[in-house]
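K.L.:
Return atomic coordinates for the entry below.
(2 chains)
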Amino acid sequence: MIETPLAVPAGAAKVSLFRRLLTHPTGVVSMVLLVLVALASVLAPLLATHDPNTASVQHVLAKAGSGHILGADSAGRDVLSRLLFAGQFSLAGALLALAVALVLGVTAGLAAGYYGGWFDSASSWLTGLLMALPGMVVLLAARAVVGPSMWLSMMIFGVLLSPAFFRLVYASVTAVRNELYVDAARVSGLSDVRIIGRHILTVVRAPVIIQSAMVLGIAIAIQAGLEFLGLGDRNIPTWGSMLNDGFINIFKSPTLVLWPALVIGLVCIALTLLANAMRDELERSRGPVKKSRKAAAAGAAADAEGAAEKRGVAAVVHADEPNEDAGEILLEVTDLGVGYDQPDGSTTHVVNHVNLTVRRGEVHGLVGESGSGKTQTAFSILRLLPQGGRITGGSIFFEGKDLAQLSEKEMTKVRGKRIAYIPQEPMSNLDSAFTIGSQLMEPMRVCLGISKAEARKRALALLARVGIPNPERTFDAYPHQISGGMAQRVLIAGAVSCEPDLLIADEPTTALDVTVQAEVLNLLRELQDELNMGVILVTHNFGVVADLCDRVTVMQTGRVVETGPVRSIFNHAQHPYTRQLLGAILEDTAPRGHYTLKELNGVTS
Amino acid sequence: MYRFVLRRLLSGVLLLFVITTVAYLLLYAGGGDIARRIVGPTASDAQVALKASQLGLDRPLVVQYWDWLTGALTGDLGRSWFNGQLVSAGVGSRLPVTLSLVLGATIIAAVVSVVVAVWAAVRRGWVDRVVQFVGVLGFAIPGFLIALGLVSLFALNLKWFKATGYVPITTSFGGWAATVTLPIIALSIGCIAAVVQQIRGSLIDALRQDYVRTLRARGLSFNCVVYKHVLRNAGGPALAVLAVQFIGLLGGAVIVEQIFALPGLGQITVAATGQGDIPVVMGVVVATAAIVVIVNLIIDLAQGWLNPKVRLS
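P.N.:
Presented below is the predicted three-dimensional model:
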């Protein structure tokens, strides 16, 4: 019955937790209820109308009303009075278990976490042992030896519950033990006791309080269970023993079981809700809720720029070079808008009025700083925006179909087979639970409808094609067994496995070593040539653009600021932001354009 | 893989040995007090000594333990002090009842939790909030109160089920199902509440992983990615919680068996506890520890299957 309470966040509350709780609706209701129950129990001698233990033959199972507000039990004792007095014993028993668990768990957790060594392994092993058997079975076994003492039972249960605190404190302490401020305190000569008291206890205080509420609920429940089995001390009234009496007489007097059940249930619910409310407040006090990734930051910037947008600042469009060998238009994005729905019902726009044209056989660079909306644009073409994001306007025409209007089912057929995607971070984009081979074969079998043997043959050929030295071994490997550069090659193999027409590569080399970067870019160029794909290359690096791209679109704060053939942009960049980006590569690489020092100074100032 | 299984097996056997040893020493440490409790407070010292020697309690604890252990290894757990029945027979005959409840509740909890957690994690919004709130209630209300509620509602008032009794599955499946349905529901609600919270959390984390987008970008449908990849990745923490919950279920079954008058381990335990029938109590501890060890082993193996890092390291 020792249910590990749900994860508790570690971290100290900045504002008084109690005061914050007063603003939390379920927190207030729970606290009021618990205070009322506690008060009623403490004041039982004043409130009770009868002695809780005086039996009366005339009043056996008396109905509610007649001198007994809630009726009388099977021995003619007043139910309300017993309920009040039982509160004293039930709560005291639960508090005793909590105290034992707290003292043992927190002390052992502090010592094991702070000092480590043999004490650490011994107590971890002991906790595992304590949690291996159901608390109820241990309590029953103990009861067979020590007899029906509630206090002893609850002390034993306290020992059984101590791992709940041990693990919590242990985790927090090992986390802070090596923090710099604890080191500093140690260096400055503070004693271990003072360090633990001053720096470590403050960190674990709030989570321990939350855990205490949960543990108290569990203790009340298990104690009631033990008494309900009829194994408790018959001389003291408890909620559990009342439940037992009520259940035995459930046919004769159905309400008898109701009152103790109600009290136990409400107290347990209130304790859990209180713990949850405290956790909510603790989490809230640690700063605002994280918004959806960098989109939110971009959104704020984009909204700030919204004014410029309304003024109708159009993107600088460079004309195509006349001798250019232009392929058919593959993708035409017109007036695209992307927004994230906020909890307050508003929408934060991260991409505004974006136009983008990609031809077959063309590598189109999509350039801009973090948060410029380039990745959001790429994801919206794939219709794979993060949760909460949606296309707010415009069209994405691909082979005569508007992707923005397709159903999810139709879109699934486009992805992989027609439009493929290469992610930025290689390792996190492979599922660590499946082999490389199965991750390559699965989409091929779905998209191309080929047999497993055929898919395997193709996957091995692809792995060889992307330059993996031992395809069979990599095929059978799990992602954690290969390097980042290999993983990126695997992802490229996966992207081109169904011979797509359009490839979207989202900063495909950012996470790689410099030497591997060049190889991967070469591979991309070769594959693009081989399959005659259109490629959208999302990057913030103009060096990569110069290497690979035919055309460039520069984005800033969710808008396109400049677009055109790569040579024209490099030589005649007009928008200050484009010049700034170009300036950034000119600082550490050989100049590619015709800039004067004066121009550069003008841009950076 | 074999080494992984072997290591788990050995640590399981070790755990079983440690638990039973500690339990034996604690249970039998009382010696003379145990005999005193059996013959009653008014008995003379001579009577107490006679009882102690009858039960073999006057021998050194180590000798008693060695006797018990060598017997236990051959399947002989001794006899009840009160009715002379073989402990292994008494425990063995009740094991199917308790296992019916606990395994039934675990399977139902696992299935329902996955469905509800996927629903909450994928839909989010109000569905998620309702699931979370109900989950907190299910977690907070003690299982035996739920059992009491179910008995009074479905068995006593609506009379859909029989309130008490047990029909072995070998006699009649329908009869068995009718007698275990309510107890299983009562047991599984708290378990579901805890496991749903865990799976929901891990699913939401797993859904944010980059590989989800990449797999979808390769043309796999959202449902395929969720049920094959995301769920498998969220499965590890969920299994860990399920293992802890299973131990809780074994304890909860004691009370639930009492409420539904099912002749399971709980019933024999409560009776033996009340009388101070230590050999039977010890037998129950052995059976419970063995079940826990076996289930932990199965869950460890499942973890290894789910997560290659566990298996290969």
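K.L.:
hey, let's count contacts and neighbours off CA atoms from now on
P.N.:
Will do.
K.L.:
okay, now the nearest residue to A:Pro423 once chain neighbours are set aside: neighbour count?
P.N.:
Leaving aside its sequence neighbours, A:Pro423 sits nearest to A:Asp506 (CA to CA, 6 or more residues apart in numbering or on different chains; 5.2 Å). A:Asp506 has 21 neighbours, counted by other CA atoms under 10 Å in any protein chain shown.
K.L.:
can you list the residues of the stretch 101-250 of chain B near chain A?
P.N.:
By CA under 8 Å from any CA of the partner chain, the part of the stretch 101-250 of chain B that sits against chain A consists of B:136-137, B:140-142, B:144-145, B:194, B:208-221, B:229, B:232-233, B:244-245, B:247-250.
K.L.:
go with 6 Å
P.N.:
Residues of the stretch 101-250 of chain B found near chain A (CA under 6 Å from any CA of the partner chain) are B:140-142, B:210-211, B:217-219, B:221, B:247-248.
K.L.:
a markdown table for those, including neighbour count?
P.N.:
Compiled in a markdown table, these are given as follows (neighbours: other CA atoms under 10 Å in any protein chain shown):
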| residue | neighbour count |
| --- | --- |
| B:Ala140 | 25 |
| B:Ile141 | 24 |
| B:Pro142 | 28 |
| B:Asp210 | 18 |
| B:Tyr211 | 23 |
| B:Ala217 | 28 |
| B:Arg218 | 32 |
| B:Gly219 | 25 |
| B:Ser221 | 19 |
| B:Ile247 | 26 |
| B:Gly248 | 26 |
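K.L.:
Show me which residues of chain A are close to chain B?
P.N.:
Proximity of chain A to chain B, by CA under 6 Å from any CA, involves residues A:1, A:134, A:136-137, A:141, A:144, A:221, A:265, A:268-269, A:272, A:412, A:415-416, A:428-431, A:433, A:443.
K.L.:
A:Ala505: which element?
P.N.:
In the assignment (DSSP states H and E), A:Ala505 maps to strand A:502-506.
K.L.:
Could you list the paired strands of that strand along with their orientation?
P.N.:
strand A:419-422 (parallel), strand A:534-539 (parallel) (DSSP bridges).
K.L.:
Highest mean neighbour count out of these?
P.N.:
The highest mean neighbour count among those, using mean count of other CA atoms under 10 Å in any protein chain shown, belongs to strand A:419-422: a mean of 28.
K.L.:
Which is the succeeding secondary structure element to that one?
P.N.:
helix A:436-448.
K.L.:
roughly how far is that next one from the heart of the chain?
P.N.:
Chain-centre distance of helix A:436-448: 28 Å, with CA atoms, centre = their mean, to the nearest Å.
K.L.:
What segments of chain A are strands?
P.N.:
Along chain A, counting by DSSP state E, strands occupy A:316-317, A:329-341, A:347-359, A:363-367, A:389-398, A:401-402, A:419-422, A:502-506, A:534-539, A:551-556, A:559-565.
K.L.:
Include distance to B:Ser44 and mean pLDDT when you put these into a markdown table, please.
P.N.:
Output for the strands of chain A, formatted as a markdown table (distance: least, CA to CA, whole Å; pLDDT from 0 to 100):
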| stretch | distance to B:Ser44 | mean pLDDT |
| --- | --- | --- |
| strand A:316-317 | 108 | 82 |
| strand A:329-341 | 82 | 91 |
| strand A:347-359 | 86 | 90 |
| strand A:363-367 | 96 | 91 |
| strand A:389-398 | 83 | 90 |
| strand A:401-402 | 97 | 90 |
| strand A:419-422 | 87 | 92 |
| strand A:502-506 | 88 | 92 |
| strand A:534-539 | 93 | 92 |
| strand A:551-556 | 96 | 91 |
| strand A:559-565 | 97 | 90 |
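K.L.:
Let's have those in CSV, adding distance to A:Val490.
P.N.:
Formatted as CSV, those follow (distance: least, CA to CA, whole Å):
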stretch, distance to A:Val490
strand A:316-317, 37
strand A:329-341, 26
strand A:347-359, 25
strand A:363-367, 21
strand A:389-398, 27
strand A:401-402, 30
strand A:419-422, 10
strand A:502-506, 14
strand A:534-539, 18
strand A:551-556, 27
strand A:559-565, 31
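K.L.:
of the ones you listed, which approaches B:Met1 most closely?
P.N.:
B:Met1 sits nearest to strand A:419-422 of all the strands of chain A, at 33.7 Å, using CA to CA.
K.L.:
who wins for proximity to B:Arg94 among the strands paired with strand A:502-506?
P.N.:
With CA to CA as the yardstick, what comes closest out of the strands paired with strand A:502-506 is strand A:419-422 (58.7 Å).
K.L.:
which residue does the stretch 501-605 of chain A bring closest to chain B?
P.N.:
Closest approach between the stretch 501-605 of chain A and chain B, counting by CA to the nearest CA: A:Ile504, at 9.9 Å.
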